[in-house]
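[1] Sequence first, predicted coordinates after that:
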Amino acid sequence: EREYQERFRYILVDEFQDTNHVQFQLVKLLAGKRRNLTVVGDDDQSIYRFRGARVENLIGFLDHFPEAKVQLLTGNYRSGQRILDAAHRLIQFNNPARLEAERGFDKRLRSRRGLEGAIEHRVYRTASDEADGVAAAISEGLAAGRDPGDFAILARAHNHLDPFASSLKQRGIRFRRIGTRGLYSRPEIQLCLNVLRTLADPDDGAAAYMALGDPLFGADPVDLARLGAGARRLNRGVLALAESQAGDPSSKLQPASREAIRRFLELHRRLAASALRRPTSEVLYEFVTESGLLGELAGEDSLEAVDQVQNLNRLFGIISRIGPLLRQDRVAQLIGHLDLLIEMGDDPAVAADIDENSVHLLTVHNAKGLEFPVVFLVQLAERRFPQPRRPEPLPLPPELRSAPGDEKLDHDREERRLFYVGMTRARDRLVLTHAPDYGGRREHKPSRFVVECLDLPPEPKRAAAASPLESIARYAPAAEIAPPELATAGRPLGDDQPLTVSHGQIDDFLTCPLKYRFAHVAQVPLQSNPAVMYGIAMHHAIRIYHQHRMKGLPITAEDVIAAFEGAWSSEGFYSREHEEQRLDQGRRAIRRFVEREQAARTVPLAVEKEFKFRLGATTVVGRWDRIDETREGVVLVDYKTSEVADSQKADERALKSLKEEQLGLYALAYSEMYGVTPARVELEFVEAGIHGRAAVTPKHLARARARVEEAAAGIRSGNFPPDPDQRKCGYCPYARICIHSAARGGE
Ligand code: SF4
């Protein structure tokens, strides 16, 4: 106990309202006598009671820590004021079991967006009318210039979303359903996890069985069953038995199984050697590339393959996040930790769920943490939202349960908090919808939560039978789940359909359409690249420096170095020495940068400012690193962490970038957004302190526009043929998995 109290001297718990009883006990133990504890939470957003969360932990926090300072965060950067006010009106019906009522705090949120926001209530006759009405409203929004990704339809349960999926499909509106199946249950993820498990424990029979049976290896299922039974009988590991049987010509194994076992074991030996030295993400990367899994999926032209690669990408993200938190980022430790999380019910949503080219359909639980400009909260009828209380299918152990109380009241409060979370996902506009007729004999009254949040008069009592047609419709099969319809996944997009592109996408497409497909359609994961991480950390540090200067706040070189180190990640370096060398190089570069800036005394007009402009149906997005206002006019600066020999070379690179690359796009963005052509663009090479400069002319803007149009037309076509050559493929991060790569003699 003391060891951990010494190790963690300051503790911060986020989303404290979601902690259970045991977790709070653990936090108290860790905080020990020092009591250096900060918790952040909102009792009105506690929605995981079904898995043991105790909102009482937050409400009663001050009873356990009476000396704690309370800081109320009431500025809201998401929703318009009307939406916040309605949500607050609703949640007060949970009093007195709220912090506001218990402690007398004023938790009313104030919108910092300077927008009123809009809130509407629409009543339809039947479930189908409601779904059609919502689809029609979205269609109007799209015609008015909104992107599909601006809209979300939220419901209490997955099956409430079925009619909306049908209606959107009928109108040809792209949509995406989120969170119907968790990441860890996807076959491609299971394969990766099973391989990692066999590396951590070669005697893990279940993992070996599943991995060998995966189509990637293709062992015969009957052989696998025999091997499993034999391993149990002989008390041996499946892998060890498979190895000995594959090498025994008299065994009954099918040729396919022998080949599967041979391939698996060969790869397993190599990975096991890497697992001793390398962090887990690198071992996993070796598996997905060397086994052919990634190459196979990335080369497939189906939407399913795109999703699978994106799921792998998601897994890499999780592993890269967990790895550095462990004492040692090695396979055995990491998979042990991950299995614990999985056992506890952790199962993140599958990848690429949020896609700006699709309307999103999701449950309110899945929407936690997300936000959308326009939200339709649907099927808001009694017995739908709130849902009736049901017996728990798997009761929680008593240690994890909430303190005994009024179960019915607690259930209603939890449902109300869920409704509150749904309302506050909306940024600009919230539409609440319901229909009296969802099938069945009884007419559905509007949800009490609609009445509460809009302060409506209570519904008069009446009962009428539901329409026969609607009753029959209940038995129709659920709407087929539309796959994500990306033009970029092989289906063309019309010229008038919205498309959003960035500099990276334009550049990748014009370099090689297949590279674009790998990077932006399939989202093939890449091994950590220390050069990219170095650039990100340096940009972060420079931004912190400028932000302080622009606000007139003091900042020293050491502060900037601390920001640089804070954004640093050790992943991908060949050795500790290599990492130290780069860190040192960065620290020195920052000291020189701060010296130069302080001597120059110029404060930028803006840093890391985002831009967004439209060319027809194409939206171009990006970010300027720095904007300066000089006597000659506006100057756009892009920071580079790469090397450059001298000013002449730097000027050449700036001119090239203005003519053919990102600086041209940045100049075009400025002139489109502000109607002013920047005087010049600059590349600032941070290491050497050298500036490359180039004056902007109308010709450069026209060229940048033509590049956007060419790339957008190509992306819309949905064709991504390879365009290999030695130079491009030599620099291409996908060359390792690309069968067309000229760098490996493919074409
Ligand atoms: S390796 Fe070459 S052909 Fe393949 S995607 Fe990259 S640039 Fe295109």
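    Thanks, I have the structure now. Residues are numbered from 1 along each chain as shown.
[2] Give the helix, strand or coil label for Gly422.
    helix (DSSP: H, G, I helix; E, B strand; the rest coil).
[3] Stretch 320-338 spans what distance, first to last residue?
    One end of stretch 320-338 sits 12 Å from the other (Cα to Cα, to the nearest Å).
[4] Quick one: residues in contact with that stretch.
    With contact meaning Cβ atoms under 8 Å, 6 or more residues apart in numbering, stretch 320-338 is reached by 193, 196-197, 199-201, 275-276, 279-281, 283, 318-319, 528, 569-571. Placement of C-beta: from N, CA and C, glycine included.
[5] Near the ligand, which residues of this protein are found?
    512, 514-515, 518, 722-724, 728-729, 732, 734-735, 738, 740-741 (Cβ under 6 Å from any ligand atom).
[6] Can you name the element that comes right after the host helix or strand of Ile318?
    Using DSSP states H and E, Ile318 sits in helix 303-322. Going down the chain from helix 303-322, the next helix or strand is helix 331-343, by DSSP H and E.
[7] in that following helix, what counts as buried?
    The neighbour-count criterion (16 or more other Cβ atoms under 10 Å) identifies 331, 333-335, 338 as the buried residues of helix 331-343.
[8] Can you lay out these as a markdown table showing pLDDT?
    Converted to a markdown table, those look like this (pLDDT from 0 to 100):
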| residue | pLDDT |
| --- | --- |
| Val331 | 94 |
| Gln333 | 92 |
| Leu334 | 93 |
| Ile335 | 93 |
| Leu338 | 90 |
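[9] Return the member of these nearest to Asp129.
    Leu338 (45.9 Å; Cβ to Cβ).
[10] mind checking how far that closest one is from Ser281?
    12 Å (Cβ to Cβ, to the nearest Å).
[11] what touches both of the two?
    Common neighbours of Leu338 and Ser281 (Cβ under 8 Å, 6+ apart) are Ile319.
[12] Need the phi and psi values for Val431.
    phi -120, psi 120 (degrees, to the nearest 10).
[13] Could you check how many residues crowd around it?
    21 (other Cβ atoms under 10 Å).
[14] shouldn't it be in contact with Ala137?
    Yes: using Cβ atoms under 8 Å, Val431 is in contact with Ala137, at 7.0 Å.
[15] any common contacting residues for these two?
    In contact with both Val431 and Ala137: Phe376, using Cβ under 8 Å, 6+ apart.
[16] Is Val620 located within a strand, as I assumed?
    Yes: assigned with three-state DSSP, Val620 falls within a strand.
[17] which residues touch it?
    Counting by Cβ under 8 Å, 6+ apart, Val620 makes contact with 500-502, 506, 611-614, 665, 669, 708.
[18] swap in Met673?
    Counting by Cβ under 8 Å, 6+ apart, Met673 touches 611-613.
[19] measure it to the ligand for me?
    32 Å (Cβ to the nearest ligand atom, to the nearest Å).
[20] Which helix or strand contains that residue?
    Assignment of secondary structure by DSSP H and E places Met673 within helix 662-674.
[21] quick one, the helix or strand following that helix and helix 662-674 angle?
    Counting by DSSP H and E, the next helix or strand C-terminal to helix 662-674 is strand 680-685. Interaxial angle, strand 680-685 versus helix 662-674 (axes from the mean of the first three to the mean of the last three Cα atoms, to 10 degrees): 140 degrees.
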